[in-house]
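> I'll drop the sequence and a predicted model, then ask my questions.
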Amino acid sequence: MPFDTPSRTTGLILAGGRGSRMGGLDKGLQLLGGEPLALHVARQLGRQVDALLISANRNLETYVALGAPMHASVVSDASSDFAGPLAGILAGLRAADTEFVLCAPCDAPNLPSDLASRLAAALAQARADIATVATVDANGLPTLHPVFALLRASLADDLAAFLADGGRKVRAWYARHISVEVAFVDERAFYNANSLRELADLERSWSPGVS
């Protein structure tokens, strides 16, 4: 466990979406520098947490093999209707045996090395339930990145109830709890490749050994 993380934390890679903006492709398995996006994220996240989970709803055997070297387990949504990132988060909260879960999407390979420690420090200081990421663009405008988040695993039952009532929006569920936003300067660290064009852009700027 990283010594600056105050309590045991499970990393959760969100790879269970439809990949609609990527033509239905499984985003986490698309290649960057010859390796799956989810593998890059797993390496970055794995250095900061005690255990790893991958939330996936298809190609499960491939994700099991991908996560095996890092002892990462694969979890799936309780339902098969692709209910969005909150369903994946719920699966992770249910499966984790740690007090906290640190979430990141499968298509953001440039995660900062101090993501866990900074979110944990802010959460503890604010006595919050959820800590999320915000960046500031070139015009000084804030951009929220809600699926990069540190959450208390004890929120699982409330999230299950929210989903059962038809809730799907991440920020709407966060608003039910004490949350804190943590400002990061480097927007590139949270760039995620939602489309094949964005993945191609990322590939052009990718340097071997970044992850």
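Noted; the coordinates are in hand. Computed from a predicted model, the values in this text were never measured in an experiment. Residues are numbered from 1 along each chain as shown.

> what does stretch 113-122 rub up against?
For stretch 113-122, the surrounding residues in contact (CB atoms under 8 Å, 6 or more residues apart in numbering) are 2, 4-7, 9, 11, 44-45, 47-49, 100, 102, 104, 112, 128, 131-133, 148-150, 180, 182, 184. To be clear about C-beta, it is placed using only N, CA and C from the backbone, and glycine gets the same treatment.

> let's see which of those residues end up in helices.
Counting by DSSP state H, the contacts of stretch 113-122 place 44-45 in helices.

> filter the contacts of stretch 113-122 down to the buried ones.
For those, a neighbour count by 16 or more other CB atoms under 10 Å gives the buried set as 5, 9, 11, 44-45, 48-49, 100, 102, 104, 112, 128, 131-133, 148-150, 180, 182, 184.

> per-residue pLDDT, the residue of the chain most remote from its centre?
Residue farthest from the centre of the chain, counting by CA atoms, centre = their mean, is residue 139 at 26.2 Å. The model reports residue 139 with a pLDDT of 82.

> likewise for residue 189?
Predicted confidence (pLDDT) at residue 189: the value is 92.

> how far is stretch 41-51 from where the chain is centred?
How far stretch 41-51 lies from its chain's middle: 11 Å, per CA atoms, centre = their mean, to the nearest Å.

> with stretch 167-176 instead?
Distance of stretch 167-176 from its chain centroid, counting by CA atoms, centre = their mean, is 16 Å.

> now do stretch 95-114
The chain centre lies 5 Å from the centre of stretch 95-114; the measure is CA atoms, centre = their mean.

> check stretch 91-111 too.
So, by CA atoms, centre = their mean, the centroid of stretch 91-111 is 5 Å from its chain's centroid.

> that stretch: end-to-end distance?
Terminal residues of stretch 91-111 are spaced 22 Å apart (CA to CA, to the nearest Å).

> may I see the buried residues of it?
91-96, 98, 100-111.

> need the contact list for the residue nearest the centre of the chain.
Centroid-nearest residue in the chain, with CA atoms, centre = their mean: residue 104, separated by 1.3 Å. By CB under 8 Å, 6+ apart, the contact set of residue 104 is 11-14, 41, 44-45, 111, 115, 147-148.

> could you list which of the residues you listed belong to strands?
Here DSSP state E is the test, and the contacts of residue 104 give 11-14, 147-148 as lying in strands.

> so residue 140, which of the three states?
Three-state call for residue 140 (DSSP: H, G, I helix; E, B strand; the rest coil): coil.

> run a quick neighbour tally on it.
6 (other CB atoms under 10 Å).

> distance of it from residue 183?
Applying CB to CB, to the nearest Å, the value for residue 140 to residue 183 is 12 Å.

> which stretches in the chain count as strands?
Taking DSSP E, the strands of the chain run over residues 9-15, 31-32, 35-36, 51-56, 73-75, 100-105, 130-136, 142-152, 179-184.

> want to throw the ones you listed into TSV with mean pLDDT and distance to residue 171?
TSV is the format used below for those (pLDDT from 0 to 100; distance: least, CB to CB, whole Å):
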stretch	mean pLDDT	distance to residue 171
strand 9-15	97	15
strand 31-32	94	28
strand 35-36	96	29
strand 51-56	96	19
strand 73-75	95	23
strand 100-105	97	14
strand 130-136	94	9
strand 142-152	95	6
strand 179-184	95	9
